[in-house]
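Colleague: What would the 3D arrangement of this be:
(one chain, ligands or ions: 1)
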Amino acid sequence: MRRVEIVEGPTVEKKADVAHLSAESAEKVLSFHQSFPMYRETPLRNLKGLAEQLGLGELHVKDESLRFGLNAFKVLGGSYAIGNYIAGRLGLDMSEVSYEKLVSAETREKTGEITFVTATDGNHGRGVAWTANQLKQKSVVYMPRGSSPERLDNIRAEGADGSITELNYDDTVRYANAQAGKNGWVVVQDTAWEGYEAIPGWIMRGYGTMALEAYRQIEKRPTHIFLQAGVGSMAAAVAGFFADVYSDSKPIIAIVEPHEADCFYRTTKANDGMLHFVAGEMRTIMAGLACGEPCTTAWPFLESYADFFISCPDDVTVNGMRLLGKPSRDDPRVISGESGAVTTGLVAEIMRDLQLADVREKLRLGPDSVALCFSTEGDTDKQSYRKIVG
Ligand SMILES: Cc1ncc(COP(=O)(O)O)c(C=O)c1O
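Modeller: Modelled structure (predicted):
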């Protein structure tokens, strides 16, 4: 296996309908998030120095470390899904639901006590726990074996009953679902499977806020968008959004995964009409991307709108974390965690490594390119971040 493996996206005759992830939909999601007192648009950093060093036209990185004080983009999905769930319980349309309404004593009285449950490598669970806490509701959060104790502490700090299981990520999802069945809890999972599609659909839609902000912030049309994938919901949401807004001039979209959990890369490579899973231990430092089973509702968007699928090793993100955390020249600093920095690290490696000239050519990356990456988390494991970046 090469350090960086790339495969072209499949040819799809009937592309997935992006209505659910369109600009119009994202506007509504953004209004919901804007009703939160802690809402601030996260910055889009224009890394002029790095772009010049790499021989790119422009390189922009959306810095999600500043999202709601939670250090990652994930809360956008969990909060929007819980908002929708409560709207359903109250018989309201989502346009009638605001932060104030959700956290009101009246809403709490009408819904009674609810326990939200989820499985997470950290960020999604923190977002769900945070939202439940804001609503004065309960949450139970399960994490896979080997999860960072610091990420568990952050989840518990939001009042959740959090624990680390002996299972891998995908089995932890099944465990959370089984516990919900036994206890009458509401599953808020950021991945879908047959028969469980509404809540993950809202979560995916919730990420539209991040995509819409980036679209408004970037001045030139991006020629390339690099999106990291765990279960693929985030990548599907952003790809769907940009496919809608740019329709005929859609940027080249590349999906990036760690070697150890590259289920989309494998699925695309096999190209046999089936989803391909990665099972067992997924030893990657990119904890947020250590998911071996694709989200079933994300795949139709990725196969329709992603042009390339790339699998890469951990040191690509290590390099990305350092490039972003200790910028040279006058570039702003972006504190980017293991799952956040992989796309920037990958762009740098593709531009610098002569052995990856074919990858660069396939992607048509060069001095006229305007690349957009999403640093989806900050230093969510501070100890690890310090060790890597210093
Ligand atoms: C920081 C970060 N980036 C990206 C992702 C990937 O999102 P998805 O699982 O929707 O593909 C995750 C997932 O947890 C994450 O925590």
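Colleague: can you pull the pLDDT of E281?
Modeller: Looking at E281, its pLDDT stands at 87.
Colleague: What sits closest to the residue nearest the centre of the chain if chain neighbours are left out?
Modeller: In the chain, the centroid-proximal residue (CA atoms, centre = their mean) is M234; its distance is 3.9 Å. Closest residue to M234 apart from its sequence neighbours, by CB to CB, 6 or more residues apart in numbering: Y207 at 5.3 Å. C-beta: built from backbone N, CA, C; applies to glycine.
Colleague: Could you verify my assumption that the residue nearest to the centre of the chain touches F241?
Modeller: No - M234 sits out of contact with F241 when judged by CB atoms under 8 Å, with a separation of 10.9 Å.
Colleague: these two touch, right, N271 and G9?
Modeller: No - in terms of CB under 8 Å, N271 does not count as a neighbour of G9; the distance is 9.8 Å.
Colleague: The two: who's more crowded?
Modeller: Between N271 and G9, counted using other CB atoms under 10 Å, the more crowded position is G9 (20 against 14).
Colleague: Could you verify that L59 is part of a helix?
Modeller: No - under DSSP: H, G, I helix; E, B strand; the rest coil, L59 falls outside any helix and is assigned strand.
Colleague: show me what contacts the nearest residue to it once chain neighbours are set aside?
Modeller: Computed as CB to CB, 6+ apart, the closest residue to L59 that is not its neighbour in sequence is A51, at 4.0 Å. Applying CB atoms under 8 Å, 6 or more residues apart in numbering to A51 gives the contacts 57-59, 371.
Colleague: Tell me the buried residues in the host helix or strand of T344?
Modeller: T344 is located in helix 342-352, with elements delineated by DSSP states H and E. Within helix 342-352, the residues that count as buried by 16 or more other CB atoms under 10 Å are 342-351.
Colleague: average pLDDT across that helix?
Modeller: The pLDDT scores in helix 342-352 average 98.
Colleague: And the next helix or strand past that helix?
Modeller: Per DSSP H and E, the first helix or strand lying C-terminal to helix 342-352 is helix 357-363.
Colleague: Just give me how far that following helix sits from the chain centre.
Modeller: Relative to its chain's centre, helix 357-363 lies at 25 Å (CA atoms, centre = their mean, to the nearest Å).
Colleague: all strands for the stretch 201-350 of the chain, in order.
Modeller: When assigned using DSSP state E, counting those that start in this stretch, the strands of the stretch 201-350 of the chain occupy the ranges 224-228, 252-258, 308-312.
Colleague: Rebuild these as TSV, extending it with mean neighbour count and mean pLDDT.
Modeller: Rendered in TSV, the data for those read as follows (neighbours: other CB atoms under 10 Å; pLDDT from 0 to 100):
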stretch	mean neighbour count	mean pLDDT
strand 224-228	26	99
strand 252-258	26	98
strand 308-312	25	98
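Colleague: hmm, back to that, and the helix holding T344 with strand 252-258, angle?
Modeller: Interaxial angle, helix 342-352 versus strand 252-258 (axes from the mean of the first three to the mean of the last three CA atoms, to 10 degrees): 110 degrees.
Colleague: tilt between helix 342-352 and strand 308-312?
Modeller: Orientation check (the same axes, to 10 degrees): helix 342-352 against strand 308-312 gives 90 degrees.
Colleague: Helix 342-352 packs against which elements?
Modeller: If you count contacts as 3 or more CB pairs under 8 Å, 6 or more residues apart in numbering; DSSP states H and E, helix 342-352 packs onto helix 48-54, strand 58-63, strand 224-228, strand 252-258, strand 308-312, helix 314-325, helix 357-363, strand 370-375.
Colleague: List, one by one, the residues from the stretch 1-150 of the chain near the ligand.
Modeller: The stretch 1-150 of the chain comes close to the ligand at residues 72, 74, 121, 123-124, as judged by CB under 6 Å from any ligand atom.
Colleague: ranges for the helices of the stretch 101-250 of the chain?
Modeller: With DSSP state H, counting those that start in this stretch, the ranges of helices along the stretch 101-250 of the chain come out as 105-111, 123-134, 149-156, 169-183, 198-206, 208-217, 233-246.
Colleague: quick one: which of the ones you listed is nearest T376?
Modeller: helix 233-246 (6.8 Å; CB to CB).
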